[in-house]
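>>> The following block contains a protein sequence and its predicted model.
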Amino acid sequence: MKYVTANIVVVLWAFVFGEIIDYIGSALENTTFNGTPVGITAAIVAFIAVNGIYLVSKGSYSKSKSN
């Protein structure tokens, strides 16, 4: 359950940060703010990155501990 909860927190924070980045970017570029697609994209990218890093480092950590 801890793993699922950690992933939910990562997705929520990535969505929030994506919204903030889009808001600042739209203000700087004088365009309309439409943050939902950017928030969803940020959440998906963060989910894939965090789990990918976890899976890669998990394999190397267990090999180094067994030596």
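Now that the structure is in, tell me what you want to look at. Remember, it's a predicted structure, so these values are computed and weren't measured experimentally. Numbering: from 1, shown residues only.
>>> Read off the pLDDT value for Val53.
No, residue 53 isn't Val; it's Ile. Per-residue confidence (pLDDT) for Ile53: 86.
>>> same thing with the one 3 residues further on?
As predicted, Val56 sits at a pLDDT of 85.
>>> Give me the phi and psi for it.
Here is the backbone geometry of Val56 (degrees, to the nearest 10): phi -70, psi -50.
>>> Could you count how many residues lie near it?
Using other CB atoms under 10 Å, Val56 is surrounded by 10 other residues. Every residue, glycine included, has its C-beta placed from N, CA and C.
>>> quick one: contacts for it?
Going by CB atoms under 8 Å, 6 or more residues apart in numbering, Val56 touches no other residue.
>>> Check the gap between it and Asp22 for me.
Separation of Val56 from Asp22 (CB to CB, to the nearest Å) stands at 29 Å.
>>> The residue nearest the centre of the chain in helix, strand or coil?
Nearest residue to the geometric centre of the chain (CA atoms, centre = their mean): Ala46, 2.0 Å. Of the three states, Ala46 takes helix under DSSP: H, G, I helix; E, B strand; the rest coil.
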